[in-house]
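K.L.:
pasting the sequence and the predicted coordinates here, then a few questions.
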4 protein chains.
Amino acid sequence: MTNQTPQPEETVERTVRHAAGADPQKRQQIMAGAKRVFMECGFDAASVNDICHGAGISKSTLYVYFENKEELFEAIIENERDRLFEGVADVLASESAPADVLHQFGVTIASIICSDSVVRAQRIIIGIAERMPALGARFYSGGAMRAQTALTGFLDRKVAMGELAIADTSLAAAQFIELSTVALWKPRLFGKAAAPPSPEQIDASVTSAVALFVCAYAPKSA
Amino acid sequence: MTNQTPQPEETVERTVRHAAGADPQKRQQIMAGAKRVFMECGFDAASVNDICHGAGISKSTLYVYFENKEELFEAIIENERDRLFEGVADVLASESAPADVLHQFGVTIASIICSDSVVRAQRIIIGIAERMPALGARFYSGGAMRAQTALTGFLDRKVAMGELAIADTSLAAAQFIELSTVALWKPRLFGKAAAPPSPEQIDASVTSAVALFVCAYAPKSA
Amino acid sequence: MTNQTPQPEETVERTVRHAAGADPQKRQQIMAGAKRVFMECGFDAASVNDICHGAGISKSTLYVYFENKEELFEAIIENERDRLFEGVADVLASESAPADVLHQFGVTIASIICSDSVVRAQRIIIGIAERMPALGARFYSGGAMRAQTALTGFLDRKVAMGELAIADTSLAAAQFIELSTVALWKPRLFGKAAAPPSPEQIDASVTSAVALFVCAYAPKSA
Amino acid sequence: MTNQTPQPEETVERTVRHAAGADPQKRQQIMAGAKRVFMECGFDAASVNDICHGAGISKSTLYVYFENKEELFEAIIENERDRLFEGVADVLASESAPADVLHQFGVTIASIICSDSVVRAQRIIIGIAERMPALGARFYSGGAMRAQTALTGFLDRKVAMGELAIADTSLAAAQFIELSTVALWKPRLFGKAAAPPSPEQIDASVTSAVALFVCAYAPKSA
DNA sequence: AATGAATGAGTGTTCATTCAT
DNA sequence: CATGAATGAACACTCATTCAT
């Protein structure tokens, strides 16, 4: 009684599989405009109307370049992901003492992770992680996780050089990052801290983080 | 796009207007039903229809007890907030060695914070923190923050007793909690880890956390 | 990359299953209005907007009473189906000579089957029979087929009484109906005949039909 | 709602406007591709996108060769119309006894008329006969009607030869065709019979049709 | 106090068609 | 001649909310 459609065939392919929306420049323009709207409103509250208006295109054009709202959103996130933590590993190349390098790394990453734009993006991703867990996972792996991987490599080198004594460098890296944003990131994420932390606040957190880290992982002097 | 204004503090008038027609028992019934739907769908995706159906009431009745969907959601969260971390401070009353107490506390809080229900709630709160920052702030203060406060008190006592040497106990408490969920909570939040961590995983994180903590904050033996 | 939604649960039932739209009077009003629009435009070309406007209700109200456009259409057809050939069997109760009864039956059914409203309905049903074959089947069974069944009964009686000699009364009934609308129904269906056939045209077709029928199925006089 | 006006006869201007930029081979290619899509989806459900994709051309090119979707459809139908009943008249040239010839003719035409492709085409034509009655009329005239005309000619010859006695040969031809598909075509059209009738079913219908026909129209032996 | 019935404004998506190149 | 790119209008459908009873 309800739905009697047989549709066994569906032979006619229903659309060109979006290899069509070729012009990469326009695609970028759309993504740029859409990003602004998404970041301002979140995924659900950003209407396709708003997005198109914000990107200066018609709704139909949007659907030439992207299959649907979700795909557009994913494309934006995938694009943004890597950019966020881009230069973060550079400071690890420094030849300074490990404690100093760690300090600078901690400050850098805490600044990024607590910045307005990153927090906003994280909120949106987390908010739809229930519905799009793969996207969230990729965002995490490609973003925060990448910084952690870089740090792990740094720690490995220092361990090899005898400057640090760490059993599980991967865990240690995660610990250091977590410590660097202690009492900074969570309040940001939940909206308790309306503005990014001041350099002084960051410095305090990171200084304490380095202290703990060095205390725990400095090589035992014979 | 819908509501971004940070609520101009009309608490009194609001309460009066709606507490009026209110059998508190029915109010609880509605909140219980609505909670299930919100937790399952998220804020935006939970339709008022679903909520009413889930609570066994008519839409009109809902609007007798709550001004709108947002207010209902806030009421639920305010109600739930304290329950989540309820028994967490109990283990701090133990007379065991600080390291053992900390270990048990870390395991307890990591288990809670990474559980399905808590992660789900956090995702929803974080997802709308942009639109309802006050709610997010209160959720954070009343939830995770309360555990941190309890731990701070514990540390204060131990410092007074000379069993620990900590300059900033509040910071130290935050550090310990953060360390206990290292590599556990974030993957959960972002959807990378689909299931709560195993007891073994938790134990490993917490053990390392306690080690760092003791190393850094154990009193210098004269 | 495309769709990563897991949705294993869907526990929250998404809507009341339309036992809701109870008021049968309003339901009838909607169906009456919608029928007019459907008959005028066909299924695809009748927009839900038009339908609502034609029925004097809002779109939302429509969806309280019917799950979707298809269900509304089906309800209308199911409702109409039986009405179309309602009184057609009555003439078969007559005590007149079989040839006379057949003639009157033929005229009646040809008039109905070639009428504007029936042809219009048939066109629409046939047009979507590919997509909704079950509906088409039920329409046919409950409509034209019912007349055929009634006629079969009549023929059975006459055979029993020795007034006709028919091996397969069911086939004979179908033949008679088909013959009665020869050169009348098909042109109507395909749009070649813009108006229903005149009584004279019908009479001619039916007269010839009766002649053939009697010639073939009259009992062999000993 | 879209187009109900019965086309104010602008045939000349239209032809000129479009026959202009027209490589007839490409036109055929387009029609071939579009036919497949139309037959599979129906008129309304076949999107111009699908059609162009199916024909391997761009949308703009389509509109060079055809004024719009309707005109394309009409061109296809006009083209197909005659092909459907192409060889049907051949069997009428046989020198066998009239009854045998009629039987073979009946089987041939019933097979064609109940075939998947013909039923599908008929459904589509009938479905839009309300909107494009002229097309339906031409389809009927050029298709089924042509078979009937051929049969009329055959009957005329047999009457002239004294092998049959028929007052209205045109009516008789229509009657025979109708009888040959009794209980076969209508169920197909309405979707009650999902598959074409078996040869046995067809034979039964046609055999009975010939019997009635011969009984009614055989010359009275003196 | 409680509700069944109703809605206007909005959702994401697709349509047939056109125009600059 | 042919097209890639673009669009406004329309699509079926859902939303949070209100009001007469």
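P.N.:
Okay, I see it.
K.L.:
what about A:Ala129, distance to B:Glu130?
P.N.:
Distance check for A:Ala129 against B:Glu130: by C-beta to C-beta, to the nearest Å, it reads 15 Å. For every residue, glycine as well, the C-beta is placed using N, CA and C.
K.L.:
ok, these two, which is more surrounded?
P.N.:
Using other C-beta atoms under 10 Å in any protein chain shown, the more surrounded residue of A:Ala129 and B:Glu130 is A:Ala129, with 25 against 20.
K.L.:
which residues does the more buried one contact?
P.N.:
For A:Ala129, the contact set (C-beta atoms under 8 Å, 6 or more residues apart in numbering or on different chains) comprises A:135-136, B:123, B:189-191.
K.L.:
what's the helix or strand for it?
P.N.:
Using DSSP states H and E, A:Ala129 sits within no helix or strand.
K.L.:
next, it: phi, psi?
P.N.:
phi -60, psi -30 (degrees, to the nearest 10).
K.L.:
enumerate the residues of chain A near DNA strand E.
P.N.:
A:15, A:46-50, A:59-60, A:63, A:68-70 (C-beta under 7 Å from any atom of the strand).
K.L.:
among the residues you listed, show me the least confident.
P.N.:
Within the set of those, pLDDT is lowest for A:Thr15 (44).
K.L.:
now do the contacts for the residue positioned nearest the centre of chain A.
P.N.:
Using C-alpha atoms, centre = their mean, the residue of chain A that lies closest to the mean C-alpha position is A:Gly143, 4.0 Å off. When contacts are counted by C-beta under 8 Å, 6+ apart, A:Gly143 touches A:81-82, A:84-85.
K.L.:
near chain D, from these?
P.N.:
Among the contacts of A:Gly143, no residue lies close to chain D (C-beta under 8 Å from any C-beta of the partner chain).
K.L.:
buried only: go through those residues for me.
P.N.:
Neighbour-count burial (16 or more other C-beta atoms under 10 Å in any protein chain shown) is assigned, among the contacts of A:Gly143, to A:81, A:84-85.
K.L.:
pick out the most distant pair among the contacts of A:Gly143.
P.N.:
Largest separation among these by C-beta to C-beta: A:Arg81 and A:Phe85, giving 8.5 Å.
K.L.:
all helices for chain A, in order.
P.N.:
A:24-41, A:48-55, A:59-65, A:69-84, A:98-113, A:116-127, A:133-142, A:144-160, A:169-180, A:185-190, A:199-217 (DSSP state H).
K.L.:
what residues sit buried inside the fifth one?
P.N.:
Going back to what we said before, that points to helix A:98-113. A:98, A:101-113.
K.L.:
wait, isn't A:Thr207 in contact with A:Asp100?
P.N.:
No - with contacts counted by C-beta atoms under 8 Å, A:Thr207 stays clear of A:Asp100, the gap being 11.5 Å.
K.L.:
rewinding a little: distance to D:Ile177 and pLDDT added to the contacts of A:Gly143, as CSV?
P.N.:
Below are those laid out as CSV (distance: C-beta to C-beta, whole Å; pLDDT from 0 to 100):
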residue, distance to D:Ile177, pLDDT
A:Arg81, 69, 87
A:Asp82, 72, 82
A:Leu84, 75, 86
A:Phe85, 78, 86
